[in-house]
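Student: need a 3D model of the following:
(one chain, ligands or ions: 1)
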Amino acid sequence: MKNPSFEKLKNIHWRAVFGFALAIFILLSAAFVYTVYSQIKTFSVAQHEKQRAQFQFNVKATGTLSDSVFQTTINVPEVQKLLATAHNGDENAKAEVREALYRLMQPLYETLQFSNVQQLHFHTTDNHSFLRMHRPNLYGDDLSDFRFSVKYVNENLEPFHGFEEGRIFNGYRHVYPMFYQGAHVGSVEISNSLISFKEGYEQIARDSVDFVMLRDVVEAFVFESEQSNYDDYLLSPDLVIQNIFNRVESEQTWLSDAERNTVLEASAKRSKLQQAVAAGNKYFDILFVDGRLYSLRLDPLYGSLNTRVVGFVVSVSTFEYLTQALPALLIQLGIFFIISLVFAFLLAKQRVYTKQMRRLAQRDGLTNLYNRRYFSECVKRVLVNKLSARGNRKSAETNNKRYCFIMFDVDHFKKVNDTFGHDIGDAVLVKLAEILKSVLREGDLYCRWGGEEFMALIEADLAMGEEIAERLRVAIPAGFADSDMPAVTCSFGVVAMHKFDQLEPALNLVDKMLYKAKAEGRNTTRIASV
Ligand SMILES: Nc1nc2c(ncn2[C@@H]2O[C@H](COP(=O)(O)OP(=O)(O)OP(=O)(O)O)[C@@H](O)[C@H]2O)c(=O)[nH]1
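Tutor: Residues are numbered from 1 along each chain as shown. The predicted structure follows:
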C-alpha cells in the first residue's frame, strides 16, 4: 500500500518550490539589507555631522588662542613701531626692520610652534609679504590676487578668521590689522598647521582625516619652488595632499594607513565620487572592503573668503560594531531562508491539495472521466455561451453548428458483476472510458453519468450524432476483444438539439431513446430531436 502523504510529496514540483523560496528569500534579504543600510547611513551621517560641528568648535578655539597671542605678544608698541618704521621707510629701512622683527619674534615663534602655530606672517598695508617667520628669505611678493584674507584685512581694517589657500601652505588663518598711533601700518597672520587640526579631528571623531587641495588651485597659487610639498592623493587625480602629512606619524590607532589607503583606492573607482570632486560637492558613501564596513565623507573646503571650493576634508571611519554584528546578521539571513523555504513548501502543498480537491470535485474516481455534476456545469456553460453569442435568438440552426447528446449504458452489466465479480465490473467501466476517449475528439464533452451510464455532448447534427454513436457501439466490443475482460455491448440514445434553451427536454429525451434501444433489443442506437 502506498503511503498517501509520500504520494502527496511526489506531486510537489520541488524545483518550483526552491525557485519560489529563493525569490522570497531574495526579496526579504533585499528589504533587510536595505533597512540595515539605511540605518547605518542615517547613523553615520549623524555621526559625521556631530564630528564636523565639534571640529568647527576646535577651529574656533584655535582662533581664540590666536586672538590672545596677537593681543598679548604681537600687538605691542615695540612691534607696532617696527612696522610703522618699515611702512614709512625706504627699502633699506624695511630690510633693517625685517631683520629686527625676525630676531624679536624668533623666541615667540619657536614657542608658538609647540602650540602648532605654523605661520607667523607680517604683511605691508598694500598686501605684500613682509616677513614669513617660516621662510624668512621669501618676501616682497604681492598677495593681493589670491590671499583675499590679507586684502580684506588691509582694506576693511578688521580681523579675518577662516580657511584659505596660500603660496606655500593652506590652512585656517587668523589675520589681524596692525596700527601705530592710530595709523594702519600692516597686518599679521597667525595660522595653525593643518596637522594640529588633523590630530584634533582624529581624536574627536575617531576617523582618519586628510586635508586635501584641488590640484589646479595648488598649481595656480603655490610658489613653483614649494610645489614639491604636495603629493598625489589616492582618491582622485584632481586632488593633492601636503606631504607633511605623510611625514607625521598619525596618532590614531583605529584605522591603519594601509586600510585607509585601500578605502581611498576603492572609492576612487566610483564615478559619483569623481563627479563630486569635480563639482566641489559634499560626498558620502558606505563601502564594504575586505570584510569590513567603512564610511567615507568629503566636505568641501572653501577658500578665498568662502567664494569657491579649494579642497576637501576627507574622513574615513570604520563600523566596528557592524563587523561584530555580522554573524548575527548572517544568522538572521539564514532564518529568512528557512522561513522562505517553509513558506514556499506550505504553499506548494496547498496547491497540490487544492488541485486534488478540484479533481475530486470534477472527476469520477473510478474512470477519471468528468462526473455528472461537473459535466452538467460545462454543458450549461457551453449552451449559455452559444445563447449569448447568438444574441439570444435561441436557435441552434442560425449557423450550421448543432449539438447532440449521446447517452449509452452497458447491456446486462449486472450479469458481468454477478459472473466475474465487482472488480472486473470496475475494470470494464475503466476500459469503456478509454474507448470513449479514443473515439471522441479532444473538444467533446463526456462524463460518467452514473453507474454504468455514460453521456457525451458533441458538436454535430442528428445524422452525425448517430454516426458517432454507431462508431462507438461498434468500437466497444472490438476494444474488449484483445483483453481478458468479458466483451460487453452498449445501447445508445442520441438527441439533436435545435434550440439551446432546451436542455432539460433534451436530457429527458435522450434517456427515453436509450430506454427505447434497450427495449428494442439492446446493442443498438435510437435517435430523436428536440
Ligand atoms: N462494478 C461496478 N458495477 C456497478 C457500478 N455502478 C453500477 N454498477 C452496477 O451496474 C448494474 C446495473 O444494473 P441494471 O441497472 O440492472 O442494468 P443492467 O444489468 O446493465 O441491464 P440493462 O441496463 O438493462 O442492460 C448494477 O448491478 C450496479 O450494481 C460500478 O461502479 N462498478
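Student: quick one: what helix or strand has the residue lying closest to L234 once chain neighbours are set aside in it?
Tutor: Beyond its immediate neighbours in the sequence, the residue positioned closest to L234 (CB to CB, 6 or more residues apart in numbering) is L264, lying 4.1 Å away. From N, CA and C alone the C-beta is placed, and that goes for glycine too. Assigned by DSSP states H and E, L264 belongs to helix 257-268.
Student: just how off-centre is that helix within its chain?
Tutor: Taking CA atoms, centre = their mean, to the nearest Å, one finds helix 257-268 lying 25 Å from the centre of the chain it belongs to.
Student: list the buried ones in the helix or strand just after it?
Tutor: Heading C-terminal from helix 257-268, the first helix or strand you meet, by DSSP H and E, is helix 271-279. Of all the residues in helix 271-279, those buried under the rule 16 or more other CB atoms under 10 Å are 273-274, 276-277.
Student: which one of these sits closest to A528?
Tutor: Within the set of the buried residues of helix 271-279, L273 lies nearest A528; the separation is 88.0 Å, counting by CB to CB.
Student: how close does that closest one sit to the ligand?
Tutor: Note on L273: its distance to the ligand, by CB to the nearest ligand atom, to the nearest Å, is 79 Å.
Student: that residue against P237, yeah?
Tutor: No - L273 is not in contact with P237 according to CB atoms under 8 Å; the separation is 11.9 Å.
Student: and the residue of the stretch 351-500 of the chain nearest the ligand?
Tutor: G425 (2.5 Å; CB to the nearest ligand atom).
Student: pull the number of nearby residues for that residue.
Tutor: 21 (other CB atoms under 10 Å).
Student: all strands of the stretch 51-200 of the chain, in order?
Tutor: 117-123, 129-132, 160-164, 171-180, 183-192 (DSSP state E, counting those that start in this stretch).
Student: need these in TSV (columns: distance to the ligand).
Tutor: Output for those, formatted as TSV (distance: least, CB to the nearest ligand atom, whole Å):
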stretch	distance to the ligand
strand 117-123	105
strand 129-132	113
strand 160-164	97
strand 171-180	100
strand 183-192	102
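Student: least reliable of those by average pLDDT, please.
Tutor: If you rank the strands of the stretch 51-200 of the chain by mean pLDDT, strand 160-164 sits at the bottom with a mean of 87.
Student: what comes into contact with that strand?
Tutor: 60, 63, 66, 147-149, 152-153, 170-175, 301-306, 310 (CB atoms under 8 Å, 6 or more residues apart in numbering).
Student: how distant is it from the center of its chain?
Tutor: Using CA atoms, centre = their mean, the offset of strand 160-164 from its chain centre is 42 Å.
Student: next to the ligand, which bits of the protein? Give me the list.
Tutor: 366, 409-414, 417, 422, 425-426, 429, 451-452, 518, 522 (CB under 6 Å from any ligand atom).
Student: from those residues, which ones fall inside helices?
Tutor: 413-414, 417, 422, 425-426, 429, 518 (DSSP state H).
Student: returning to that earlier point: excluding its backbone neighbours, what's nearest the residue of the stretch 351-500 of the chain closest to the ligand?
Tutor: N417 is the one closest to G425 (CB to CB, 6+ apart), at 4.1 Å.
Student: burial measure for the one you found, as a count.
Tutor: N417, neighbours per other CB under 10 Å, totals 16.
Student: can you check F197 too?
Tutor: Residues near F197, counting by other CB under 10 Å: 21.
Student: one more: the one 4 residues further on?
Tutor: A total of 25 residues lie near Y201 under the criterion other CB under 10 Å.
Student: please indicate which of the contacts of strand 160-164 are buried?
Tutor: Applying 16+ other CB under 10 Å to the contacts of strand 160-164 flags 63, 66, 147-149, 152-153, 170-175, 301-304, 310 as buried.
Student: now do the contacts for V430.
Tutor: Contacts of V430 (CB under 8 Å, 6+ apart): 366-367.
Student: which non-adjacent residue is nearest Q51?
Tutor: In space, Q51 is closest to A205, 3.7 Å off (CB to CB, 6+ apart).
Student: what separates the one you found from the ligand, distance-wise?
Tutor: 86 Å.
Student: any idea how this protein splits into domains?
Tutor: As assigned by automatic domain parsing, the chain contains the domains 194-318, 372-529.
Student: for the first one, what is the average pLDDT?
Tutor: Averaged across domain 194-318, the pLDDT comes to 87.
Student: remind me what the helix ranked longest in the chain packs against, helices and strands.
Tutor: For the chain, the helix with the greatest residue count under DSSP H is helix 14-69. Counting contacts by 3 or more CB pairs under 8 Å, 6 or more residues apart in numbering; DSSP states H and E, helix 14-69 packs against strand 160-164, strand 171-180, strand 183-192, helix 194-205, strand 283-289, strand 292-303, strand 308-318, helix 320-362.
Student: check which helices and strands the fourth one is in contact with.
Tutor: Using 3+ CB pairs under 8 Å, 6+ apart as the contact test, the elements touching helix 194-205 are helix 14-69, strand 171-180, strand 208-214, helix 244-247, strand 308-318.
Student: so how far is the third one from its chain's centroid?
Tutor: Just to be clear, that refers to strand 208-214. 31 Å.
Student: downstream of it, the next helix or strand is which one?
Tutor: In N-to-C order, the element after strand 208-214 by DSSP H and E is helix 215-221.
Student: how near is L366 to L429?
Tutor: With distances taken as CB to CB, to the nearest Å, L366 is found 6 Å from L429.
Student: so what sits against both of those two?
Tutor: Common neighbours of L366 and L429 (CB under 8 Å, 6+ apart) are R448.
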